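Q: sequence? don't have it. structure:
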């Protein structure tokens, strides 16, 4: 049997006239990066991430029975037609697995707690929230068991945004098959349940170096890996890094954790800078923040580290036990590099709800 067949809903038709539901889904920050995909949103390499808490998307979705289904998106109180084609594409991809959707129009009223399209995975949190709404409708229609909702939501979210698969659960989630993770899958993300206690309440201060939209979409960035001269070496590196990070997470080895996480961040941006066409998403302040973090770690021996997503903003990661001196460091040194001195104090979260 095709692995995908298990996700085809038992609910075939829209038997409820109107259904309204609200879900909140967090962003996530990848520690080992997913960059490059194939087929139907399948990852070229496995990845693992911290699920965040404060950086999240809340979406109210109204499903209205209709013979001419349409989609309308309201982003933070403003009708935003530019996002509707992406939602339509997502719905087209998932109708095979949720055939009842063919009879519904969707009104999506959504808002983020962080700047949209700035490299803080708003697609991940947005698609995860929408996937949760679809599965809630499916469950109400009698098409899925309660026990299967989480996995189905991750499977669907992946078809909208690959990293969205990792925003359903928390605090640490992997996506993509890997030898160190026996229950891992390319089709959906799985919760990593073997982490050392130091990682269960890790902090992530998101330093907003640039609030504006990033210059290059993640979709384009992923596609540029198809013909990238270093793609094979990069995928092999990511696989090795997954093994190292899994062991670090299990043992609480912060030195190894830092080495892998920072290398992954720089490797991601190296792939962008050596693709064709090439692009640079870091800003001068990004490098200033990185150098300041290195200096602080050297001077204090506090195990802070950084990572980056596909954007200019910096995620400062650190254990909960060091929150006071790190907060002083943020206020005294790092804040001045942020646009309007804006940053988001975040930490590991439990996933969507």
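A: On my side now, so go ahead. As the structure is a computational prediction, the values presented were derived from the model and not from experiment. Residues are numbered from 1 along each chain as shown.

Q: ok, now which ones touch residue 264?
A: 30-33, 238, 241, 307 (Cβ atoms under 8 Å, 6 or more residues apart in numbering). Placement of C-beta: from N, CA and C, glycine included.

Q: helices of this structure, start to end?
A: Secondary structure of the chain (DSSP state H): helices at 84-94, 122-140, 149-160, 218-223, 231-251, 254-273, 284-300, 323-329.

Q: name the helices or strands packed onto the fifth one?
A: Judged by 3 or more Cβ pairs under 8 Å, 6 or more residues apart in numbering; DSSP states H and E, helix 231-251 is in contact with strand 18-32, strand 47-65, helix 254-273.

Q: quick one, which of these is nearest to residue 140?
A: Comparison of these against residue 140 by Cβ to Cβ identifies strand 18-32 as nearest, at 6.3 Å.

Q: which neighbouring elements make contact with the closest one?
A: strand 47-65, helix 122-140, helix 231-251, helix 254-273, strand 305-308.

Q: could I get the ones you listed as JSON lines with mean pLDDT?
A: Converted to JSON lines, the helices and strands packed on strand 18-32 look like this (pLDDT from 0 to 100):
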{"stretch": "strand 47-65", "mean pLDDT": "97"}
{"stretch": "helix 122-140", "mean pLDDT": "96"}
{"stretch": "helix 231-251", "mean pLDDT": "97"}
{"stretch": "helix 254-273", "mean pLDDT": "97"}
{"stretch": "strand 305-308", "mean pLDDT": "98"}
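
Q: most tightly surrounded among these?
A: Ranked by mean neighbour count under mean count of other Cβ atoms under 10 Å, the helices and strands packed on strand 18-32 are led by helix 122-140, which reaches a mean of 26.

Q: tell me the angle of that one relative to helix 84-94?
A: Taking axes from the mean of the first three to the mean of the last three Cα atoms, to 10 degrees, one finds that helix 122-140 is oriented at 50 degrees with respect to helix 84-94.

Q: ok, back up a step: closest one to residue 198 out of the contacts of residue 264, please.
A: residue 31 (14.1 Å).

Q: out of the helices and strands in the protein, which is least certain?
A: Here the helix or strand of the chain ranked lowest by mean pLDDT, DSSP states H and E is helix 218-223, holding a mean of 85.

Q: number of nearby residues for residue 7?
A: Other residues within reach of residue 7, judged by other Cβ atoms under 10 Å, total 20.

Q: for the helices and strands packed on helix 231-251, which one sits closest to residue 224?
A: Among the helices and strands packed on helix 231-251, the nearest to residue 224 by Cβ to Cβ is helix 254-273 (7.9 Å).

Q: quick check: angle from that closest one to strand 18-32?
A: 100 degrees.

Q: and stretch 300-320, how far out from the chain's middle?
A: Using Cα atoms, centre = their mean, to the nearest Å, the mean C-alpha position of stretch 300-320 is found 16 Å from that of the whole chain.

Q: and that stretch, what's buried?
A: 303-319 (16 or more other Cβ atoms under 10 Å).

Q: state the pLDDT value of the residue of the chain positioned farthest from its centre.
A: Largest separation from the mean C-alpha position in the chain: residue 67, at 34.1 Å (Cα atoms, centre = their mean). Per-residue pLDDT puts residue 67 at 92.

Q: do the one 10 residues further on as well
A: The pLDDT attached to residue 77 in the predicted structure is 94.

Q: who's in contact with residue 49?
A: Per Cβ under 8 Å, 6+ apart, neighbours of residue 49: 28-31, 163, 166, 172-175.

Q: can you flag the buried ones in those residues?
A: Buried among those by 16+ other Cβ under 10 Å: 28-31, 163, 166, 172-175.

Q: isn't residue 267 up against residue 236?
A: No. With contact defined as Cβ atoms under 8 Å, residue 267 does not reach residue 236; the gap is 11.4 Å.

Q: pull out the buried residues from stretch 106-114.
A: Result for stretch 106-114 [16+ other Cβ under 10 Å]: buried residues 106, 108-114.

Q: quick one: distance of that stretch to the chain centre.
A: With Cα atoms, centre = their mean, you get 16 Å for stretch 106-114.

Q: what mean pLDDT does it have?
A: Here the average pLDDT along stretch 106-114 is 94.

Q: ok, stretch 153-169 next?
A: For stretch 153-169, mean pLDDT is 97.

Q: what's the end-to-end length of that stretch?
A: With Cα to Cα, to the nearest Å as the measure, the ends of stretch 153-169 fall 10 Å from one another.

Q: which parts of the least confident helix or strand of the chain are buried?
A: For helix 218-223, the neighbour count (16+ other Cβ under 10 Å) marks 218, 221-222 as buried.
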